[in-house]
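S.K.: Can you look at this prediction? I've put the sequence above it.
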Amino acid sequence: MHHRSKQKKTITTLIGVVLVIAVVAGVALVVHNRSVRLVNDSAIAYNKTGMDYFNNGDMDNAISNFNQAIKVNPDSAEAYLNRGSVYVYKDNLDQAISDFNQAIQINANYAEAYYSRGLTYAKQGYMDQAIIDYDQAILLKPDYTEAYNNRGSAYATKGDLDNAIKDWNHSIQLNPNAAMTYYNLGQAYTYKGETANAMASLKKAQELCGNNPQLCESARQKLQDLGGG
């Protein structure tokens, strides 16, 4: 009888210890989660401020804020993407590529990072690498209009007008009001000798180019050259 009482007391004590451990673990988890939220909130705030500076043309302060975002949260793929975009603007393309690489390493499904790296490769003249990145961006985000449009431009630069036209037509399906894409199509059809398609595309570009006088004039001139102006 004494043995059973002692055993029961031991079990009760063990249960009490387990409950205390569980409570402490729960408190630690709450504190950890709260700390993670604070870090994330801080990184988001720096990112937002950095984008405000970027949109106002203050690139140095933009970079400074993105640096802070990365400092408080080294896993902020968004901060690397944003800082890389500023480096592209500043024509520091190698540093931009490095930041986009880091963003992709953190988040392998980040379509915008692949797209931005593709744009940068294209600016460097590396069209094959650019197309590979546009491919991945489109795979991850099938309605990525800009990726189709710029992949079309990369194909056109390589002289592959058929794939360029295919991408630009797909881009127009996603965004029927893209005057520049119609203009690009008009150019490609002109080079291929498809005058009717070229004129139709250029006329559409002219219809949609209202807020871009330079594009309007270029489309008008191309149409005139084709005998449709």
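M.R.: Cool, got the structure. Numbers count the residues shown, from 1 in each chain.

S.K.: what helix or strand does the residue nearest in space to the middle of the chain sit in?
M.R.: Note on the chain: the residue nearest the mean C-alpha position is residue 112, at 1.5 Å, using C-alpha atoms, centre = their mean. Assigned by DSSP states H and E, residue 112 belongs to helix 111-123.

S.K.: who touches that helix?
M.R.: The contact list for helix 111-123 (C-beta atoms under 8 Å, 6 or more residues apart in numbering) reads 77, 80-81, 84-85, 88, 93, 96-97, 100-101, 103-104, 107, 127, 129-134, 136-137, 140-141, 144, 146-147, 150-151, 153-154, 157. C-beta coordinates here come from the backbone N, C-alpha and C atoms, glycine included.

S.K.: repeat for stretch 145-155
M.R.: 111, 115, 118-119, 122, 127, 130-131, 134-135, 137-138, 141, 161, 163-168, 170-171, 174-175, 178, 180-181, 184.

S.K.: Would you list the buried entries among those?
M.R.: 111, 115, 118-119, 122, 127, 130-131, 134, 137-138, 141, 161, 164-165, 167-168, 170-171, 178, 180-181, 184 (16 or more other C-beta atoms under 10 Å).

S.K.: which stretches of the chain form strands?
M.R.: Under the criterion DSSP state E, the chain carries no strands.

S.K.: What ranges does it have for its helices?
M.R.: With DSSP state H, the ranges of helices along the chain come out as 2-55, 59-72, 77-89, 93-106, 111-123, 127-140, 145-157, 161-174, 179-192, 195-208, 213-225.

S.K.: Tabulate those helices (JSON lines), appending mean pLDDT.
M.R.: Shown next, in JSON lines, are the helices of the chain (pLDDT from 0 to 100):
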{"stretch": "helix 2-55", "mean pLDDT": "59"}
{"stretch": "helix 59-72", "mean pLDDT": "93"}
{"stretch": "helix 77-89", "mean pLDDT": "96"}
{"stretch": "helix 93-106", "mean pLDDT": "98"}
{"stretch": "helix 111-123", "mean pLDDT": "98"}
{"stretch": "helix 127-140", "mean pLDDT": "98"}
{"stretch": "helix 145-157", "mean pLDDT": "97"}
{"stretch": "helix 161-174", "mean pLDDT": "97"}
{"stretch": "helix 179-192", "mean pLDDT": "96"}
{"stretch": "helix 195-208", "mean pLDDT": "96"}
{"stretch": "helix 213-225", "mean pLDDT": "94"}
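
S.K.: Pull out the buried positions in stretch 218-229.
M.R.: 218, 219, 220, 222, 223, 226, 228.

S.K.: do the same with stretch 76-89
M.R.: Buried-residue list, stretch 76-89, by 16+ other C-beta under 10 Å: 76-88.
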